[in-house]
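J.: Using only what follows, build the 3D model:
(one chain, ligands or ions: 2)
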Amino acid sequence: MRQSELFTKTRREAPKDEVAKNAQLLIRAGYIHKETAGAYSYLPLGLRVLNKIVGVIREEMNVIGGQEVLLTALQNKETWQASGRWDDKDLEIWFKTSLKGGGELGLGFTHEEPLTALMKDHIRSFRDLPVGVYQFQTKFRNEPRAKSGLMRGREFLMKDLYTFCKDEKEQNEYYEKAKQAYIRIFDRLGIGGETYVTFASGGSFSKYSHEFQTLTDAGEDTIYVSEAKKIAVNKEVMNDEVLKDLGLHRSDLCEKKAVEVGNIFNLGTKFSDALNLVYKDEKGQSKPVWMGSYGIGPGRVMGTIVELKSDDKGLVWPESVAPFAIHLVALFDQSGKVKKAADDLYSKLSAKGVEVLYDDRELSAGEKFSDADLIGIPKRYVVSEKTLANDSVEVKDRVTGKIELAPTFKL
Ligand code: ATP
Ligand code: MG
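T.: Ligands and ions are numbered 1, 2, ... in the order given. Alright, predicted model coming up:
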């Protein structure tokens, strides 16, 4: 893409009311736009990053047999009354709206109920199980605090997977596969090193659930980390019994701030009982379906990556999620030689399928470089009179800051 055609502008200052580092930087670099507290629009660069994150998650969901769907945001009251999660007395998080002709609808904050109800049309016998169904869908939550930029939205994208199994054993197996998929996802997204499988409260059907907690001072959660075992315990469940279960000693653990980028949950038969989702077993007997749910917030992941990886000059993207692989910066000369060489290189790289943002704007070198640092693409190629005198291109790594000259013919 030619940067002269990109409609978004970078800016020196973040909006005064924006306190979160992730939102400040993403707004300054033109990735997102703040609509209102807790609601952000994604601009071309931001959408490219979001789509990369979504792409990695989708691949790993497909590896474990997930089938993708897209459910509605509008939610019907009766479905949620069946599970006891409709009333504002029980759940403060709802956004609800009334219909012109009378009656109410809710904006979905999660999708256990509607998917359980939907699967009643499709799950009949043990032959239909196990099955995993997932989506990338916009959730709405009336969050009391929306101060963490992309990390806590009132409207946000969620990947939610739900598994439907014959019994506890089959559900536990699917759960383990999903846990491994999550580990691969966060590794591929470049935050595996900072992300801990964290023991958290499990609800009525299992002792623990697992959260994927990424260490950052911008996080709202407190966890106790065992570096040696690469696991952690959420403060909410931290006690002697949990330590004993996990073979940990309090003195081995380090208290840290973290953000929950994903979580996985054994639901047992809670929702299938409430909504009467049953199947016929081998003997023709009716049994409740066992369920699990597994969430990841791609926007929260994007915000977390920014919190972890950015520096005083701007964003720094891991290759797997960067909006472009290469930022080609041309420092034009009078003769037109640099423009010709940079245009050629842009065409050559694009023809090879390399994703390039080409800074072909008539701006000073200083302005172009500070924009490139702010935008944070992993590799910067500079073409100038000076580099062409050596038949080369200057290659700068955004992470290490290391600069090398690369012969043009090799690129
Ligand atoms: P938290 O404990 O942080 O409030 P949660 O436990 O309510 O999150 P879930 O309901 O399980 O989260 O949602 C699944 C995933 O969706 C979370 O792991 C997180 O990545 C993401 N998520 C949850 N709430 C938000 C939000 N307000 N904004 C952005 N992403 C969110
Ligand atoms: Mg949570």
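
J.: For R11, which non-adjacent residue is closest in space?
T.: Using Cβ to Cβ, 6 or more residues apart in numbering and skipping the chain neighbours, the partner closest in space to R11 is R28 (5.3 Å). Yep, even glycine has a C-beta here, placed from its N, CA and C like the rest.

J.: give the contact list for the one you found.
T.: If a contact means Cβ atoms under 8 Å, 6 or more residues apart in numbering, then R28 has 10-14, 314, 374 as its contacts.

J.: now T72
T.: Taking Cβ under 8 Å, 6+ apart as the test, what T72 contacts is 108, 114.

J.: got the residues of the chain near ligand 1?
T.: Those residues of the chain that sit near ligand 1, judged by Cβ under 6 Å from any ligand atom, are 110, 141, 143, 152-153, 156, 158, 260-263, 295-297, 299-300.

J.: among those residues, which are in helices?
T.: 299-300 (DSSP state H).

J.: any idea which of the residues of the chain next to ligand 1 is closest to A389?
T.: A389 lies nearest to G299 out of those, by Cβ to Cβ, at 45.3 Å.

J.: For the closest residue to ligand 1 within the stretch 301-411 of the chain, give its distance to V399.
T.: Closest residue of the stretch 301-411 of the chain to ligand 1, Cβ to the nearest ligand atom: V301 (6.9 Å). Distance of V301 to V399, computed by Cβ to Cβ, to the nearest Å: 19 Å.

J.: Okay, helices next: where are they in this structure?
T.: Using DSSP H, helices in the chain cover 21-28, 44-63, 77-83, 112-119, 168-188, 240-246, 270-275, 298-309, 337-351, 365-375, 385-389.

J.: Deepest-packed of those helices, please.
T.: Among those, helix 298-309 has the highest mean neighbour count (mean count of other Cβ atoms under 10 Å), at a mean of 26.

J.: any idea how far that one is from the chain center?
T.: 7 Å (Cα atoms, centre = their mean, to the nearest Å).

J.: Who are the packing partners of that helix?
T.: helix 21-28, helix 44-63, strand 155-165, strand 254-268 (3 or more Cβ pairs under 8 Å, 6 or more residues apart in numbering; DSSP states H and E).

J.: Need the contact partners of the second one.
T.: Right, the one you point to is helix 44-63. 1, 6-8, 26, 29-32, 42, 68, 132, 134, 136, 157, 159, 161, 181-182, 184-185, 188-189, 296, 298-299, 301-302, 317, 320-324, 375.

J.: Just list the residues touching the most centrally placed residue in the chain, thanks.
T.: Centroid-nearest residue in the chain: P298, 2.0 Å away (criterion: Cα atoms, centre = their mean). The neighbourhood of P298, defined by Cβ under 8 Å, 6+ apart, consists of 50, 53-54, 57, 136, 157-159.

J.: same thing but at 7 Å, please
T.: 50, 53-54, 57, 157, 159 (Cβ atoms under 7 Å, 6 or more residues apart in numbering).

J.: Which one of these is nearest to L105?
T.: Closest to L105 out of the contacts of P298 is L157 (20.5 Å), distances taken as Cβ to Cβ.

J.: Look at K147 and report its pLDDT.
T.: K147 carries a pLDDT value of 88.

J.: And for D333?
T.: pLDDT recorded at D333 is 94.

J.: Now do the phi/psi pair for the most far-flung residue of the chain relative to its centre.
T.: In the chain, S335 marks the outermost C-alpha relative to the chain mean, sitting 46.0 Å out by Cα atoms, centre = their mean. For S335, the backbone dihedrals are phi -70, psi -20 (criterion: degrees, to the nearest 10).

J.: Tell me how far it lies from V382.
T.: 17 Å.
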